[in-house]
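Peer 1: turn this into a structure:
(one chain, ligands or ions: 1)
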Amino acid sequence: MKVYFLGTGTSQGIPVIGSQHSVCLSSDSRDKRLRVSVWIEVDETSIVIDCGPDFRQQMLTSKCQHIDGLLFTHEHSDHTAGLDDIRPFYFKQGDIKIFAHRRVLVNLEKRFDYIFETENKYPGAPSVTPNEVVENVSFLVNDITVEPINALHGNLQIFGYKIQDFVYLTDVKTIDATEIEKIKNCKVLVINCLREEPHATHFNLEEVLHFISLVQPDKAYLTHISHLFGFHEEIQQKLPKGVYIAYDNLEILI
Ligand SMILES: [Zn+2]
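Peer 2: Just a heads-up that it's a prediction; the model follows:
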C-alpha cells in the first residue's frame with residue numbers, strides 16, 4: 001500500500017493569504033501546506049480521502065491517474081470545495097464513486113446541485129455515484145475493505161477510515177473507546193494535530209499524544225497543521241519516537 005499526503009494544512013492552508021507570520025514566510029518547502037487530503041493506492045485500487053479547494057493542484061502534483069473511490073470525512077469546505085475538479089476523472093472513467101455519511105451526501109447535493117442533477121444536465125458537468133457510509137458497517141472500494149471510524153469534530157459527527165493496517169483520522173476532537181479499540185496497534189495512524197494551544201474542535205499536541213498512546217500504532221503522522229504550530233523542523237524535534245509530522249507530497253509504503 002502506498003500513502004501519499006496530498007495536503008497537510010488546516011482550513012486556510014499555509015501560507016495564509018496576506019500573512020506576515022514567520023511560518024507563512026518560511027522557505028522550507030515542508031512549511032507549505034495545502035488543505036488536508038490523502039491518496040491511497042492498494043494494489044490497483046486508488047482511493048482519495050477528501051477533496052478540498054486544492055484538489056486540482058494536488059492531482060497534478062501527485063500524478064494521480066484515476067480514482068476508484070472518493071471518501072469524505074465531513075462536509076466542511078476545506079474537505080469538499082474541490083469536488084467540481086473531478087471532471088477530468090469523470091471524462092475518463094464515467095461517474096465517480098463517492099462515499100460519505102448521509103448528512104454529507106445531502107450537503108454536497110445542495111452545494112453542487114448540478115453534479116447530482118439527472119435531468120437537463122449541463123453536458124460538461126461531472127457525475128457521481130453516491131454511496132452512504134454507515135457507522136460500524138465496512139464497505140468495499142473495488143475489492144478493498146474500508147472500515148469507517150466514528151469521531152466528533154466539536155459537535156459534528158465525522159468519519160475516519162481504516163484500510164488494512166492504515167488509519168486516517170482528521171478533524172477529531174473526541175473519540176469513543178469503542179472506536180479506539182478498532183484501530184489499536186495499527187501500523188500507521190494519521191491523525192490531526194492543529195497546534196500546541198487547545199482548540200474547541202481539533203486535537204492539540206497534548207491531546208494527540210495521549211490519543212496516540214492509547215492507539216499504540218507502529219508509527220503516527222500528524223496532519224491538519226496550523227501555521228501557529230510552528231516550523232516543521234522545530235515541531236519534529238519536540239515529538240516522541242515513532243511520531244512524525246507529515247508534510248505535503250510525503251509518500252510512505254506500508
Ligand atoms: Zn478541516
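Peer 1: need the residues of the stretch 151-254 of the chain near the ion, please.
Peer 2: Residues of the stretch 151-254 of the chain found near the ion, taking C-beta under 5 Å from the ion as the criterion, are Asp171. (Each C-beta comes from the backbone N, C-alpha and C, glycine too.)
Peer 1: in the stretch 151-254 of the chain, what residue is nearest the ion?
Peer 2: Residue of the stretch 151-254 of the chain nearest the ion, by C-beta to the ion: Asp171 (4.6 Å).
Peer 1: tell me the residue furthest from the middle of the protein?
Peer 2: Among residues of the chain, the one most distant from the C-alpha centroid is Asn120; the distance is 33.1 Å, by C-alpha atoms, centre = their mean.
Peer 1: would you list the phi and psi of that residue?
Peer 2: For Asn120, the backbone dihedrals (degrees, to the nearest 10) come out as phi 50, psi 40.
Peer 1: how close does it get to Glu109?
Peer 2: With distances taken as C-beta to C-beta, to the nearest Å, Asn120 is found 16 Å from Glu109.
Peer 1: following element in sequence after the longest strand belonging to the chain, please.
Peer 2: Using DSSP state E to define each element, the chain has its longest strand at strand 144-153. In the C-terminal direction, the helix or strand that comes right after strand 144-153 (DSSP states H and E) is strand 156-163.
Peer 1: that following strand: which residues count as buried?
Peer 2: Along strand 156-163, these residues count as buried under the neighbour rule (16 or more other C-beta atoms under 10 Å): Ile158, Phe159, Gly160, Tyr161, Lys162, Ile163.
Peer 1: now the strands for the stretch 51-200 of the chain?
Peer 2: Counting by DSSP state E, counting those that start in this stretch, one finds strands in the stretch 51-200 of the chain at the ranges 69-71, 96-100, 128-132, 139-141, 144-153, 156-163, 166-169, 188-192.
Peer 1: so what's the most centrally placed residue in the chain up against?
Peer 2: Central residue check for the chain by C-alpha atoms, centre = their mean: the C-alpha nearest the mean position is that of Ser37, 3.7 Å away. For Ser37, the contact set (C-beta atoms under 8 Å, 6 or more residues apart in numbering) comprises Leu6, Gly7, Val48, Ile49, Asp50, Cys51, Gly52, Asp54, Phe55, Gln58, His79.
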